[in-house]
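# Structure, please.
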Amino acid sequence: MDDSHFLTSIEDLTTLYGEPNERSAKKEIYHLDEHCRALIAASPFMLLATSGTNSADCSPRGDPPGFVKVLDDHTLLIPDRKGNNRVDSLKNIIENPLVGLLFMIPGVNETLRVNGRAHISVDPELCASMPMQGKTPTSILVVTVIEAFIQCSRALVRSDLWNPENYVPRNTLPSTGTILAAHIGEPMNVAAYDAQMETTVRKTLYGRDDG
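Below you'll find the model as predicted:
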């Protein structure tokens, strides 16, 4: 790869891509209107992008539709459920509060992008207000909205993401156990790990003592 062809300035980008069309430039708003609220309420899945001093991360977040709550026109509440405790996104937010959110709705090709500043709250009352299966989140991301806008459908149309005919059979890809064993470089019983993984995941969605 010849790095002399890398673009290194805003001017380079503008020369290559030109200016955005008028509607694209004007579509961002600086609060959550009724249309943003409707899309957020219908979304069971969101991608959270963060960036720290020496790292960047894009992490999936999911729960039943509407799991991200709109507190007011400028504030979102995102529950942080129990997981593997890597907390990559949260570490980044401590260093840099700027976040990017991408809300997706099954069967809908448009997405909603929300950019803002996040803080991590462990307010007991706030956490208690967002339980799932009787379990409260470990913390809540309180996101102050900077801008919001709808993203056009081209990427999802090109990928044909929601077409069931394109679903990939899981057994045609390396199993989670196979990948994990290779990546951690330690011997493990891959077959046993894979056999129990799905049950374990479903039993521990909201805490280790589930069911």
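# what's the next secondary structure element after whichever strand or helix holds Ala118?
Taking DSSP states H and E as the criterion, Ala118 maps to strand 111-121. Next helix or strand after strand 111-121 toward the C-terminus (DSSP H and E): helix 124-128.
# residues of whichever helix or strand comes after that following helix that come out buried?
Following helix 124-128 in sequence order, the next helix or strand is strand 139-151 (DSSP H and E). Neighbour-count burial for strand 139-151 flags 139-143, 145-146, 148, 150-151 (criterion: 16 or more other C-beta atoms under 10 Å). For every residue, glycine as well, the C-beta is placed using N, CA and C.
# what does the helix or strand that contains Thr50 rub up against?
Here Thr50 sits within strand 45-51, counting by DSSP H and E. Residues from elsewhere that reach strand 45-51 (C-beta atoms under 8 Å, 6 or more residues apart in numbering): 56-62, 68, 78, 88-89, 92-93, 96, 98-104, 106, 118, 141.
# Buried subset of those as a PyMOL selection?
To isolate the buried members of the contacts of strand 45-51 in PyMOL, using 16+ other C-beta under 10 Å:
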select buried, resi 57+59+61+68+78+89+92+93+96+99+101+102+103+104+118+141
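# What distance separates the opening and closing residues of stretch 97-111?
Chord length of stretch 97-111, first to last residue, is 22 Å (C-alpha to C-alpha, to the nearest Å).
# now the residue most central in space within the chain, which residues is it bridged with?
Geometric centre of the chain, nearest residue: Leu47, 1.5 Å, by C-alpha atoms, centre = their mean. Taking DSSP bridges as the rule, Leu47 bridges to Pro60, Leu102.
# Show me the longest helix that occurs in this protein.
Assignment by DSSP state H gives helix 190-203 as the longest helix of the chain.
# List the buried residues of that one.
For helix 190-203, by 16+ other C-beta under 10 Å, it's 190, 193.
# tell me what it is packed against?
Helix 190-203 makes packing contacts with helix 176-184 when contacts are defined by 3 or more C-beta pairs under 8 Å, 6 or more residues apart in numbering; DSSP states H and E.
# The helix it packs on versus helix 190-203: what angle between them?
Angle of helix 176-184 versus helix 190-203, following axes from the mean of the first three to the mean of the last three C-alpha atoms, to 10 degrees, is 110 degrees.
# average pLDDT across helix 176-184?
Helix 176-184 shows a mean pLDDT of 95.
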